[in-house]
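A.B. asks: Turn this into a structure:
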Amino acid sequence: MKLRNPAREHQLLSYKVQIINAILTIDLKSASDTQRDTFYEYISAPWEKTNLTTTWVATFPESLTQQHIITKTLFVLEIAAIAIGVKYEAVIAVTPTKPTIFNGPNS
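C.D. replies: Below you'll find the predicted structure:
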């Protein structure tokens, strides 16, 4: 029987990098393809575009709060929208679990 060493377990856990996941969907109002591409360049890092038309995912270090992630994302969206002259609607969800992406049978 192996004895547990709580101090060692705590030490090992402290090295584990914790992350926060987020999913973002954006609807650009009356944007041309060029405007859309430019807008996406603004938000590319740390966001990664999914195969869904307007959906992005990202991971952030646990040291950032949910509010910080939302505020930072809103700031970047506002800068992009002003720079290229488009209106948008967006939804963001910040969660400890990674979003699950499904692909249909004909994907």
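A.B. asks: So what's the gap between the strand ranked longest in the chain and the chain middle?
C.D. replies: Ordering each strand of the chain by length in residues (DSSP state E) puts strand 19-29 first. With CA atoms, centre = their mean, to the nearest Å as the basis, strand 19-29 stands 6 Å off its chain's centre.
A.B. asks: Mind checking the pLDDT average for the following helix or strand past it?
C.D. replies: On the C-terminal side of strand 19-29, the nearest following helix or strand under DSSP states H and E is helix 33-43. Mean per-residue pLDDT for helix 33-43: 92.
A.B. asks: what about helix 33-43, distance to the chain center?
C.D. replies: With CA atoms, centre = their mean, you get 17 Å for helix 33-43.
A.B. asks: Okay, now the sheet partners of the helix or strand following that helix, with direction.
C.D. replies: Scanning forward in sequence from helix 33-43 by DSSP H and E, the next helix or strand is strand 48-49. Looking at strand 48-49 with DSSP bridges, its partner strands are strand 55-61 (antiparallel).
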